[in-house]
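Colleague: got a predicted structure plus its sequence, pasted below:
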There are 2 protein chains.
Amino acid sequence: MMDAFTISSVLNRIPIFENLKPDLLYVLSRGSREIVVDKGERLFQKGDPAQGFYFVLDGRVKLAFISSRGTEKVVEIIHRHQSFGESVVLADSVWPYYSQALLDSRLLHISSTAFHEVVSSDRNAADLLLGSMARRLCSMFADMEAFCLLTSRERVVGYLLREIEQKRQLGDSDLSVDLPDTKANTASLLNLTPETFSRVIHALEREQAISVSRRMVTVLDLEKLQRGSGC
Amino acid sequence: MMDAFTISSVLNRIPIFENLKPDLLYVLSRGSREIVVDKGERLFQKGDPAQGFYFVLDGRVKLAFISSRGTEKVVEIIHRHQSFGESVVLADSVWPYYSQALLDSRLLHISSTAFHEVVSSDRNAADLLLGSMARRLCSMFADMEAFCLLTSRERVVGYLLREIEQKRQLGDSDLSVDLPDTKANTASLLNLTPETFSRVIHALEREQAISVSRRMVTVLDLEKLQRGSGC
């Protein structure tokens, strides 16, 4: 298990806690614990009270809903060094989705109590959190638009373009996208059936806009791809 | 037009600005102006830069997307004394939807500059804003679940139950819901066609779970309605 020093240095790497004063970092690390989950294991069920939020140290987890008829919708796939659940904790709410490990994973659980204490004591953390929640809300409007109005082709192309743009912002100008998981999960993330997702990918391959090798999609012609996005 | 004193007293009624210090209330009122729009007029287009957020003094406005094929999806209907756009302003983003007046309306436009200044100077306002954005994010997860997974019947019943619960929280135990606008807008809010929305309403009437008179829906049997919601 991680010692207090290691936990502190991890917490310091979470963007909203950068430049946190040592006493508050101590509060936060005292309220944090490491959690190990096997692939396929659930972290929590929809409706469980949120007693803290999570930071992925290693591995990958999925946030999803299941309808009363058993259909699943993936809300988000959380990668290494990403966090999730801050807003649910701040709203003192129950989990609006369930969470399941897609790989063997290690996470840091940061307790609600410690989180509330830090956010109410540290002006900088509160400001960074406000900015990050505001951006998240704006991106959820875009998700909602995609679910309700975009064609399956527009959703797939939009997804590929967003992934490439994110890499570009991190200084990587490579035009390839590593599809995160199983085809079913990627499709569900875009609210498509796996069959529709495959159909669109194959059509884009035939048009020579992309090439696909296993789970790696490489964009061959960005303009051709963008023309198909309806943007 | 409203004078500075009236604007200040209105701003004071916006929950996140309660107990604002007089000097910050002055900053905010100097950055605010009244806007009058006729029914059907647009306040802004999707993609316009957000230069401030809005508080509805009188009337009603709709936030919506339109797809490249002309299909519309209503995101939210904003009533008198409700505000919208705070997160877009905080994220320094462009409008992710367009806004149109559903009735002749009067609004207060609060400039980004003044809003940023107040949020960065007033701890209480920042905390209230954090709480309100966190709750909004959680309710958007519920919206997303509804769009992706619920049947048309579950969406209509869920909508009626939420409206009744909101009234109850305001101390009104009446079991009637005044549908906000045209049938098309209410249906679009639930991501249904007007025809499907009508079909579900008529089915619930036939089962004597509700009665409908013009735009007023009265719940006759709450248990019967809840049984149909899949909750």
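Modeller: Yep, that arrived.

Colleague: quick check: buried residues in the strand or helix carrying A:V212?
Modeller: Per DSSP states H and E, A:V212 falls inside strand A:210-213. For strand A:210-213, burial by neighbour count (16 or more other CB atoms under 10 Å in any protein chain shown) applies to A:I210. To be clear about C-beta, it is placed using only N, CA and C from the backbone, and glycine gets the same treatment.

Colleague: for whichever helix or strand comes after it, list every residue counted as buried.
Modeller: Going down the chain from strand A:210-213, the next helix or strand is strand A:216-219, by DSSP H and E. Going by neighbour count (16+ other CB under 10 Å), the buried part of strand A:216-219 is A:217, A:219.

Colleague: the nearest residue in space to A:M2 that is not next to it in sequence: which element?
Modeller: In space, and not counting its chain neighbours, A:M2 is closest to A:E34: 5.0 Å by CB to CB, 6 or more residues apart in numbering or on different chains. Assigned by DSSP H and E, A:E34 belongs to strand A:32-37.

Colleague: residues in contact with that strand: which ones?
Modeller: Counting by CB atoms under 8 Å, 6 or more residues apart in numbering or on different chains, strand A:32-37 makes contact with A:1-2, A:7, A:11, A:43, A:54, A:57, A:59, A:61, A:101, A:104-111, A:114, all of which sit outside it.

Colleague: low-scoring stretches of chain A, by residue?
Modeller: A:228-231 (pLDDT under 70).

Colleague: hey, where'd the helices end up in it?
Modeller: Per DSSP state H, chain A carries helices over the ranges A:4-11, A:22-30, A:86-90, A:112-121, A:123-149, A:152-169, A:183-189, A:194-206, A:222-227.

Colleague: most packed of the ones you listed?
Modeller: helix A:86-90 (a mean of 24; mean count of other CB atoms under 10 Å in any protein chain shown).

Colleague: other SSEs contacting that helix?
Modeller: If contacts are counted by 3 or more CB pairs under 8 Å, 6 or more residues apart in numbering or on different chains; DSSP states H and E, helix A:86-90 sits against strand A:52-58, helix A:112-121, helix A:123-149, helix B:123-149.

Colleague: so which of those comes closest to B:T71?
Modeller: B:T71 lies closest to helix A:123-149 among the helices and strands packed on helix A:86-90, at 5.9 Å (CB to CB).

Colleague: quick one, the closest one and helix A:112-121 angle?
Modeller: Taking axes from the mean of the first three to the mean of the last three CA atoms, to 10 degrees, one finds helix A:123-149 and helix A:112-121 inclined to each other by 110 degrees.

Colleague: and the angle from helix A:123-149 to helix A:22-30?
Modeller: Going by the same axes, to 10 degrees, helix A:123-149 makes 50 degrees with helix A:22-30.

Colleague: mind listing what A:K21 touches?
Modeller: By CB under 8 Å, 6+ apart, the contact set of A:K21 is A:D122.

Colleague: need phi/psi at it.
Modeller: Main-chain torsions, A:K21, degrees, to the nearest 10: phi -70, psi 150.

Colleague: so how far is A:K167 from it?
Modeller: 34 Å (CB to CB, to the nearest Å).

Colleague: go on, A:S99?
Modeller: 25 Å.

Colleague: who's the residue positioned nearest the centre of chain A bridged to?
Modeller: Nearest residue to the geometric centre of chain A (CA atoms, centre = their mean): A:I78, 3.5 Å. A:I78 has the following beta-bridge partners by DSSP bridges: A:V61.

Colleague: OK, contacts around it?
Modeller: A:54, A:56, A:60-63, A:84.

Colleague: switch to 6 Å and redo it
Modeller: Listed by CB atoms under 6 Å, 6 or more residues apart in numbering or on different chains, the contact set of A:I78 reads A:56, A:61, A:84.

Colleague: and chain A, which residues reach chain B?
Modeller: Within chain A, the positions adjacent to chain B are A:65, A:67-68, A:71, A:73, A:87-88, A:90-91, A:93, A:96, A:126, A:130, A:133-135, A:137-138, A:140-142, A:145, A:147-149, A:191, A:230 by CB under 6 Å from any CB of the partner chain.

Colleague: save the helices and strands packed on helix A:86-90 as CSV, and put in distance to A:L222 too.
Modeller: Supplementary listing: those in CSV, determined by distance: least, CB to CB, whole Å:
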stretch, distance to A:L222
strand A:52-58, 30
helix A:112-121, 41
helix A:123-149, 20
helix B:123-149, 29
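
Colleague: quick one: which of these is nearest A:V177?
Modeller: Of all the helices and strands packed on helix A:86-90, helix A:123-149 sits nearest to A:V177, with 16.7 Å by CB to CB.

Colleague: so how far is the closest one from its chain's centroid?
Modeller: Distance of helix A:123-149 from the chain centroid (CA atoms, centre = their mean, to the nearest Å) equals 12 Å.

Colleague: for stretch A:44-60, same thing?
Modeller: Centroid separation for stretch A:44-60 versus its chain: 12 Å, with CA atoms, centre = their mean.

Colleague: how about stretch A:160-168?
Modeller: Centre-to-centre, stretch A:160-168 and its host chain are 14 Å apart (CA atoms, centre = their mean).

Colleague: hmm, who's touching that stretch?
Modeller: A:V177.

Colleague: swap in stretch A:198-208?
Modeller: A:152-153, A:156, A:210, A:212, A:220.

Colleague: apply 10 Å and report the result again.
Modeller: A:151-157, A:160, A:179, A:183, A:186-187, A:190, A:192-193, A:209-212, A:217, A:219-221, A:224-225, A:227-228 (CB atoms under 10 Å, 6 or more residues apart in numbering or on different chains).

Colleague: stretch A:66-76 now?
Modeller: Stretch A:66-76 is contacted from outside by A:45-46, A:61-65, A:82, A:84, A:96-100, A:102, A:140, A:143, A:147, A:180-181, A:184-191, B:141, B:144-145, B:147-151, B:154, B:229-231, using CB under 10 Å, 6+ apart.

Colleague: just the C-alphas of it, formatted as CSV.
Modeller: Below are the C-alpha coordinates for stretch A:66-76, written out as CSV (Å, rounded to 0.1, in the frame of the first residue of the first chain):
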residue,chain,number,x,y,z
ILE,A,66,-28.2,0.2,-17.3
SER,A,67,-31.8,0.5,-18.3
SER,A,68,-34.6,-1.5,-16.7
ARG,A,69,-34.5,-3.7,-19.9
GLY,A,70,-30.8,-4.4,-19.5
THR,A,71,-29.4,-2.0,-22.2
GLU,A,72,-26.2,-0.3,-21.2
LYS,A,73,-25.0,3.2,-22.0
VAL,A,74,-21.4,4.1,-21.3
VAL,A,75,-21.2,7.6,-19.9
GLU,A,76,-17.4,8.0,-19.8
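
Colleague: distance of the closest residue to A:H81 other than its chain neighbours relative to B:A134?
Modeller: Once flanking residues are discounted, A:H81 sits nearest to A:V56: 6.5 Å by CB to CB, 6+ apart. From A:V56 over to B:A134 the distance is 21 Å, taken as CB to CB.

Colleague: just A:C148 next, same as before
Modeller: Look at A:C148 and B:A134: by CB to CB, they are 24 Å apart.

Colleague: A:R214 too?
Modeller: Applying CB to CB, the value for A:R214 to B:A134 is 39 Å.

Colleague: many thanks, we can stop here.
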